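In: My questions concern the predicted model and sequence given below.
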Amino acid sequence: MTPETVGPLSRPVEVRNLPPQGTQIHVEATADECDALAKDFGLPGIKSLSCDFKLVDSAKGVHVTGVLKASITQICVVSLEPFDSVVEEEVEVDFAESAGMPPEPPTEMHEYEPPDEIINGEIDLGALTAEFLALGLDPYPRKPGVDFDYKDPADREDSPFAALGALKDK
């Protein structure tokens, strides 16, 4: 596992010998990592990005929970103006060694979510942070207070349809 294979934010963590009570890990992106992620995600900027994780041994592998917090700049889909927003995303993921992963059961297609893979005894909390930031982004961000005011072209007095309507009345 190298940073080139997982993206600009990589924090590999050894998970073979977790303490029985689990462990807490804080991941915070550097300014360069934030800039690279912003470029990857097509954002004008990421001011800060961090995630507090708790890793606990489970029967099948490692259970990871946490809370991601990011301060980002997005472009409003209505006004096309940049604006700042905050992303907070809950993280909950199971990891297992590939040999310990159960086969997918023959149930409804979308009910089963297999665990993510533990590679060489490690999981990458940086890549997980970037993944959950991507999941937390609004695909159609709207600046607070900006509304889309749609006007039907047929309702405008100077539209071609208004001129046709005037001809119809004659």
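Out: That came through fine.
In: which is the next helix or strand following the helix or strand hosting Glu33?
Out: For Glu33, the host element (DSSP states H and E) is helix 31-41. With elements assigned by DSSP H and E, the helix or strand that comes after helix 31-41 is strand 45-57.
In: List the neighbouring strands of that next one plus their orientation.
Out: strand 23-28 (antiparallel), strand 62-75 (antiparallel) (DSSP bridges).
In: partner residues bridging the nearest residue to Glu90 once chain neighbours are set aside?
Out: Leaving aside its chain neighbours, Glu90 sits nearest to Val67 (6.1 Å; criterion: Cβ to Cβ, 6 or more residues apart in numbering). Backbone N, C-alpha and C define where each C-beta goes, glycine included. Taking DSSP bridges as the rule, Val67 bridges to Asp52, Glu90.
In: since we're on Val67, how many residues are nearby?
Out: 14 (other Cβ atoms under 10 Å).
In: same check, this time on Ile72
Out: 25.
In: tell me the contacts of it?
Out: Ile72 makes contacts with 38, 43, 45-47, 84-87, 137, as judged by Cβ atoms under 8 Å, 6 or more residues apart in numbering.
In: Give me the distance between the closest residue to Val56 other than its chain neighbours and Leu49.
Out: Closest residue to Val56 apart from its sequence neighbours, by Cβ to Cβ, 6+ apart: Gly22 at 3.7 Å. The gap separating Gly22 from Leu49 is 23 Å, by Cβ to Cβ, to the nearest Å.
In: cool, and Pro115?
Out: Plainly put, Pro115 is 25 Å away from Leu49 if you go by Cβ to Cβ.
In: before we move on, what about Glu92?
Out: With Cβ to Cβ as the criterion, Glu92 and Leu49 are 19 Å apart.
In: out of those two, which sits in the more crowded spot?
Out: Neighbour count, other Cβ under 10 Å: between Glu92 and Leu49, Leu49 has more, with 24 against 9.
In: what's Thr129 in contact with, if anything?
Out: 9, 11, 27, 29, 49-51, 68.
In: how about 7 Å then?
Out: For Thr129, the contacting residues are 9, 27, 49, 51, 68, by Cβ atoms under 7 Å, 6 or more residues apart in numbering.
In: before we move on, what about Leu9?
Out: Here Leu9 is in contact with 29, 33, 37, 126-127, 129-130 (criterion: Cβ under 7 Å, 6+ apart).
In: What is the neighbour count of Gly126?
Out: Using other Cβ under 10 Å: Gly126 sits among 23 other residues.
In: same deal with Leu80?
Out: Around Leu80 there are 8 residues (other Cβ under 10 Å).
In: Okay, and it sits in which element?
Out: Here Leu80 is assigned to no helix or strand, by DSSP H and E.
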